[in-house]
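I would like to see how this sequence folds:
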Amino acid sequence: MIFFSIKLTPVNAVQAENKHYDLLMNISLGVLMDPIHKINTRKDSTFAMLLEAQARGWKLYYMEQKDLNLKNNHVIAHCRQLSVTDDSKNWFEFGEHSEIAVSELDVILMRKDPPFDMNYIYTTYLLELSGTLVVNNPQTLRDANEKLSTAWFPQCCAPTLVSSDAEEFKHFIDEQQDIIVKPLDGMGGASIFRVRQQDPNTNVILETLTEHGNRPVMGQRFIAEITEGDKRILIVNGETVPYSLARIPKEGENRGNLAAGGSGVGMTLTERDHWICQQVAPELKKRGILFAGIDVIGDYLTEINITSPTCIRELDKMFDLNISAMLMDAIEAKLKDKPAS
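This next block holds a predicted model:
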């Protein structure tokens, strides 16, 4: 005689599962970004995220910094419903314009590019007050400067100096012989200088970047492996994407940034890359960073990008990935675990 065992699921468990399914099918996602009509859809990571969210049936709402307000202790957004199409000539369409409480949205993607100025900080305050899930965590966006946060992981970094004192930098140049100097709030390779011993432009470079000693900047020992690429590695909720986009400087350049003319080459992560990610990823996850892009040159961590890191579209195309799906899965998990209000 053969016995069959049938496991019965309690009715309340089925109801809870159905409720969770309904939640995931009806997620409302707000995106706060730079003007969508100006993006390059072939390279824009925010656009990739929106395509994936829409494919899951999520409702999309578009806003810019100017659209946030605080009224009677409620954060209100003047937003527009949004639909997106993977078409380089006609990639978005706005729907109904509405004024909604940001707390009514399930999640906000904070994807405003630097500069990281006071307007950016005020925006993080408003998003934090809304009480909704924000990717990435507004407090960490304020706390974790993309250059300075590398100091959390000194074991991963080349010799570094942060100072506004030109004499300190001159000593640092004497010690290291060849350095890179950059502002703490830049992006895309802007205002990055290479300075060697006996460089006749040392004084003017330091005067300009430090605003005559009134602004701290970062110096790092020059890493000769930049010729092999400035590797962008993406980390999603503590999980590392196993490939990097190595930004190779164009001839005569020291900067690999794509915005500075670099070319992108896909690479499998090295053992050292994985080790660096193992140091960095748990801390980012603990601080509420669901999506980050770290930069590695040679054996060294150089930056931790959390404001609006990019390279999703390039890596997806090169390695047949769907990195945005990893992120949306992480968001779904966060919403599933969120206590009912």
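
alpha carbons only for contacts and neighbour counts from here, please
Noted.

And this protein, what are its domain boundaries?
Structural domains assigned to the chain are 11-136, 162-222, 225-328, following automatic domain parsing.

do you know which of the ones you listed lies nearest L335?
Between L335 and those, the tightest spacing by C-alpha to C-alpha is seen for domain 11-136, at 7.6 Å.

Q176: how many residues sit nearby?
In terms of burial, Q176 registers 16 neighbours under the definition other C-alpha atoms under 10 Å.

so who does it touch?
For Q176, the contact set (C-alpha atoms under 8 Å, 6 or more residues apart in numbering) comprises R221.

Next one: the nearest residue to Y125 once chain neighbours are set aside from T124, what distance?
What sits nearest to Y125 in space, not counting adjacent residues and going by C-alpha to C-alpha, 6 or more residues apart in numbering, is P138, at 7.1 Å. Here P138 is placed at a distance of 5 Å from T124 (C-alpha to C-alpha, to the nearest Å).

Counting neighbours, what do you get for K66?
Neighbour count of K66, defined by other C-alpha under 10 Å: 11.

So what does it have for phi and psi?
Torsion angles at K66 (phi, psi; degrees, to the nearest 10) stand at phi -70, psi -10.

what about the strands in the stretch 51-200 of the chain?
Remark: strands of the stretch 51-200 of the chain, listed N- to C-terminal, are 59-63, 68-71, 74-84, 92-101, 107-111, 133-135, 160-163, 178-183, 193-196; assignment by DSSP state E, counting those that start in this stretch.

will you turn the domains of the chain into CSV that also has mean pLDDT and distance to C156?
Compiled in CSV, the domains of the chain are given as follows (pLDDT from 0 to 100; distance: least, C-alpha to C-alpha, whole Å):
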stretch, mean pLDDT, distance to C156
domain 11-136, 91, 23
domain 162-222, 94, 13
domain 225-328, 93, 6
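
so which of those domains gets nearest P339?
Put simply, out of those the one that sits nearest P339 is domain 11-136, at 11.8 Å, with distance taken as C-alpha to C-alpha.

Report the distance from the closest one to the chain centre.
Relative to the chain's own centre, domain 11-136 is displaced by 15 Å; criterion: C-alpha atoms, centre = their mean, to the nearest Å.

Quick check: which element contains K285?
Using DSSP states H and E, K285 sits within helix 271-286.

And that helix, how far out from the chain middle?
Between the centre of helix 271-286 and the centre of its host chain there is 15 Å, according to C-alpha atoms, centre = their mean.

Next secondary structure element downstream of that helix?
Using DSSP H and E, the helix or strand that follows helix 271-286 towards the C-terminus is strand 291-297.

Which strands or helices does that following strand pack on?
strand 230-236, strand 300-305 (3 or more C-alpha pairs under 8 Å, 6 or more residues apart in numbering; DSSP states H and E).

Now do that strand and strand 300-305, the angle between them.
Comparing the axes of strand 291-297 and strand 300-305 via axes from the mean of the first three to the mean of the last three C-alpha atoms, to 10 degrees yields an angle of 150 degrees.

quick one on the thing from earlier: as TSV, the strands of the stretch 51-200 of the chain with mean neighbour count and distance to G219 would be great.
Conversion of the strands of the stretch 51-200 of the chain to TSV gives the following (neighbours: other C-alpha atoms under 10 Å; distance: least, C-alpha to C-alpha, whole Å):
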stretch	mean neighbour count	distance to G219
strand 59-63	23	36
strand 68-71	15	36
strand 74-84	19	39
strand 92-101	14	41
strand 107-111	22	27
strand 133-135	23	30
strand 160-163	18	5
strand 178-183	22	4
strand 193-196	20	9
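
Ok, which of these comes nearest S244?
Comparing those against S244 with C-alpha to C-alpha, the closest turns out to be strand 107-111 (20.9 Å).

contacts for that closest one?
With C-alpha under 8 Å, 6+ apart as the test, strand 107-111 has contacts from 27-34, 46, 132-136, 307-308, 331.

Do you know the pLDDT at D337?
At D337 the predicted local confidence, pLDDT, stands at 87.

Start the count at 59 instead of 1 going forward.
Understood, numbering begins at 59; the last thing we discussed is D395.

That one and C335, how far apart?
D395 sits 26 Å away from C335 when distances are taken as C-alpha to C-alpha.

Same check on I284?
The span separating I284 from C335 equals 19 Å under the rule C-alpha to C-alpha.

of these two, who's got more company?
Set side by side, I284 and C335 show unequal neighbour counts under other C-alpha under 10 Å, the larger going to C335 at 23 against 20.

Report the contact partners of the nearest residue to S146 once chain neighbours are set aside.
Beyond its immediate neighbours in the sequence, the residue positioned closest to S146 (C-alpha to C-alpha, 6+ apart) is T99, lying 6.0 Å away. Taking C-alpha under 8 Å, 6+ apart as the criterion, T99 is in contact with F105, D144, D145, S146, W149.

Burial-wise, tell me which of the domains of the chain comes out on top.
Using mean count of other C-alpha atoms under 10 Å, the stretch among the domains of the chain with the greatest mean number of neighbours is domain 283-386 (a mean of 20).

Now do that one: distance to the chain's middle.
The gap between where domain 283-386 is centred and where its chain is centred comes out at 10 Å by C-alpha atoms, centre = their mean.

And for stretch 280-298?
Here stretch 280-298 is found 13 Å from its chain centre; the criterion is C-alpha atoms, centre = their mean.
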